[in-house]
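In: Everything below, folded, please.
(one chain, ligands or ions: 1)
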Amino acid sequence: MIMSTKNEQLFAQARKHIPGGVNSPVRAFAGVGGTPIFIHRAEGSKIYDTEDNAYIDYVGSWGPMILGHAHPKVIDAVKRAAEDGLSFGTPTPFETTVADKICEIVPSVEMVRMTNSGTEATMSAIRLARGYTGRDKIVKFEGCYHGHSDSLLVKAGSGMLDIGEPTSKGVPADFAKHTITLPYNDPQAIKDCFEKWGEDIAGVIVEPIAGNMNMIIPEQDFHDTLREQCTAHGAVLIFDEVMTGFRVGLGGAQAHFGIEPDLTCFGKIIGAGLPVGAFGGKEEIMSCIAPLGGVYQAGTLSGNPLAMRAGIAMFEDLTVDGFYDTLADKVTKLVDGIQAAADRHGIALRTNTLGGMFGMFFVQDENSTTPSNFDEVTQCDMTIFNTFFHGMLAQGIYLAPSAYEAGFISSKHTDADIDATINAADAVFARMASAA
Ligand SMILES: *Cc1c(COP(=O)(O)O)cnc(C)c1O
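Out: Have a look, this model is predicted:
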């Protein structure tokens, strides 16, 4: 058992000059209670707190660490890049290499623009969809997260097919009214929406596999309908693959479903852990951004050489034959093991896995199905999740500190790591069962 008061002290110090002590809200453990652990280094499958307690990590910096932390090849590429200078504000050959690589791996992407975060990528893709179509309305889905720009921090209004309401203070209602929010994984809702607003919709943005309401793999029909309706009404289909890109498989969720979106957003993995984002797609649409076209988009540090050279090093390993099969085998072994432990102790657990990503839901009872939309995720047992999370943490297993997040594995997670995780879960479930 890991026992420490150091994190409480560090958290108190952090809160003095940083709002909530964190630079991104989920890190504050608000969903699970307790004190966040402060990490000072990481290697392979493990992260280490400031007293050097090791945790087997299933967050992986929220996805980027697909090769494990501090991968020697990536670190070496960054060191060499740093020695050559941190940023020039000019074109570099490294940006071209990354763009070529993305276009080669993802056939729907013919041109790509780098940004510094996933938020910038989605925000810019939305502006581009509006500029390209000359329309204002955007469609998004309940439970999908696309970063924190104004147009996207919107939820459904009180009536179905109503105009949106901001989910954050500070987002003008005048902005939110251009965003329509639909239930995820519901083909009929898409048809109804296009029937009502069809000629006003600039674009639809979707997490093609949802990873910000735990992990949900939607029906094929959901994507077929989306593609069909966008094409029929001249709306731009935007796949937000900031999380799923190069994570659920080399070609991302679009390869899994066999769908060609018009635009795709990337982030997380492509910078190997450095701040990065990208959006790309059809040449006809991408040619509308400055300097070629009238849709303005820019970034002082965009295409930063450290991030690009880290990304290039990482792509070398991702494109090795069988990389994603091995990763998927690890996830399957992990999730099957945890499922068997839950079954043994009468805990109702449902799971989803694809490539190097997984979801775990503590559902109401043994008759419950795997959640397929946001409403169903909110019906999961958050108390059981919190007990599970803290039980695992105390045994040196770091899961995402929220029941609304997905899990991530790296190629550096060993059989021993996975066995230790399953054993820890078994111990937590056994305690839960005897307390019940
Ligand atoms: C993480 C994420 C974003 C936002 O990326 P940031 O780099 O945090 O701005 C956008 N979309 C999805 C699907 C994400 O998972």
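
In: Backbone torsions only: list them for residue 151.
Out: Residue 151 has phi and psi values of phi -60, psi -20 when expressed as degrees, to the nearest 10.

In: Contact partners for it?
Out: Residues in contact with residue 151 (C-beta atoms under 8 Å, 6 or more residues apart in numbering) are 123, 126, 138, 175, 176, 178, 179. Yep, even glycine has a C-beta here, placed from its N, CA and C like the rest.

In: Could you tell me which residues make contact with whatever residue of the chain ends up closest to the ligand?
Out: The ligand sits closest to residue 118 of the chain, with a gap of 2.2 Å, by C-beta to the nearest ligand atom. Contacts for residue 118 (C-beta under 8 Å, 6+ apart) come out as 146, 147, 240, 242, 243, 265, 266, 267, 268, 277.

In: Try it again at 7 Å.
Out: The neighbours of residue 118, taking C-beta atoms under 7 Å, 6 or more residues apart in numbering as the test, are 147, 242, 265, 267, 268, 277.

In: hang on, the earlier thing: okay if I get the contacts of residue 151 as a markdown table plus neighbour count?
Out: Shown next, in a markdown table, are these (neighbours: other C-beta atoms under 10 Å):
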| residue | neighbour count |
| --- | --- |
| 123 | 23 |
| 126 | 27 |
| 138 | 25 |
| 175 | 16 |
| 176 | 22 |
| 178 | 19 |
| 179 | 26 |
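
In: TSV please, covering those and showing secondary structure.
Out: Formatted as TSV, the contacts of residue 151 follow (DSSP: H, G, I helix; E, B strand; the rest coil):
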residue	secondary structure
123	helix
126	helix
138	strand
175	helix
176	helix
178	coil
179	strand
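
In: any idea which of those residues is least confident?
Out: Confidence by pLDDT is poorest for residue 175 among the contacts of residue 151, given 86.

In: ok, it touching residue 152?
Out: No - Residue 175 lies out of contact with residue 152 (C-beta atoms under 7 Å); the separation is 9.8 Å.

In: Which pair of the contacts of residue 151 spans the longest distance?
Out: By the measure C-beta to C-beta, 123 and 176 form the most distant pair in these, at 14.8 Å.

In: re earlier: restricted to strands, list the contacts of residue 118.
Out: Judged by DSSP state E, strands contain the following of those: 265, 267, 277.

In: Would you check how far apart residue 353 and residue 150 are?
Out: According to C-beta to C-beta, to the nearest Å, residue 353 stands 34 Å off from residue 150.

In: higher neighbour count, those two?
Out: residue 353 (22 against 18; other C-beta atoms under 10 Å).

In: quick one: strands adjacent to whichever helix or strand the more buried one is part of?
Out: Taking DSSP states H and E as the criterion, residue 353 maps to strand 349-354. Paired strands of strand 349-354, with direction, are strand 357-362 (antiparallel) (DSSP bridges).

In: so what's residue 70 up against?
Out: When contacts are counted by C-beta under 7 Å, 6+ apart, residue 70 is found next to 42, 43.

In: i'd like the first residue to be 646 from this point on
Out: Understood, numbering begins at 646; the last thing we discussed is residue 715.

In: mind checking pLDDT for it?
Out: For residue 715, pLDDT reads 98.

In: now residue 805
Out: 52.

In: cool, residue 802 as well?
Out: So residue 802 comes in at 68 (pLDDT).

In: And residue 881, by the same measure?
Out: pLDDT, residue 881: 98.

In: what sits opposite it in the beta ladder?
Out: Counting by DSSP bridges, residue 881 is bridged to residue 848.

In: any idea how far it is from residue 701?
Out: 41 Å.

In: Would you mind listing what in this structure touches the ligand?
Out: 762-764, 767, 790-792, 852, 856-857, 885, 887-888, 912, 922 (C-beta under 6 Å from any ligand atom).

In: residues near residue 706, how many?
Out: A count of neighbours around residue 706, defined by other C-beta under 10 Å, yields 17.

In: Enumerate every residue touching it.
Out: residue 918.

In: for the protein, which spans come out with low pLDDT?
Out: 802-808 (pLDDT under 70).

In: Settle it for me: which of residue 881 and residue 701 has more neighbours?
Out: Legend: neighbour count by other C-beta under 10 Å for residue 881 and residue 701, higher for residue 881 (25 against 22).

In: Looks like that one contacts residue 776 (just checking).
Out: No - between residue 881 and residue 776 there is no contact under C-beta under 7 Å: 10.0 Å.

In: and the residue lying closest to residue 926 once chain neighbours are set aside, how many residues sit next to it?
Out: Closest residue to residue 926 apart from its sequence neighbours, by C-beta to C-beta, 6 or more residues apart in numbering: residue 908 at 3.7 Å. Neighbourhood size, residue 908 [other C-beta under 10 Å]: 28.

In: any idea how far residue 908 is from residue 708?
Out: 20 Å.

In: Could you do residue 871 as well?
Out: 23 Å.

In: For residue 1071, see how far away the residue of the chain closest to the ligand is.
Out: Computed as C-beta to C-beta, the residue 763 to residue 1071 distance reads 36 Å.

In: same question, residue 760
Out: Distance from residue 760 to residue 1071, counting by C-beta to C-beta: 43 Å.

In: Okay, helices next: where are they in this protein?
Out: 651-662, 717-728, 738-750, 763-778, 818-821, 832-842, 865-878, 897-902, 928-931, 950-963, 968-989, 1019-1023, 1027-1039, 1060-1080 (DSSP state H).

In: Now the fifth one - C-alpha only, PDB.
Out: Pointing back at helix 818-821 there. Taking C-alpha atoms only, helix 818-821 is exported to PDB below (Å, rounded to 0.1, in the frame of the first residue of the first chain):
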ATOM      1  CA  ALA A 818     -25.600  32.300 -26.000                       C
ATOM      2  CA  ASP A 819     -25.200  33.900 -29.500                       C
ATOM      3  CA  PHE A 820     -22.400  31.500 -30.200                       C
ATOM      4  CA  ALA A 821     -24.100  28.500 -28.700                       C
END
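
In: by contact count, what packs against that helix?
Out: Using 3 or more C-beta pairs under 7 Å, 6 or more residues apart in numbering; DSSP states H and E, the elements in contact with helix 818-821 are strand 810-811.
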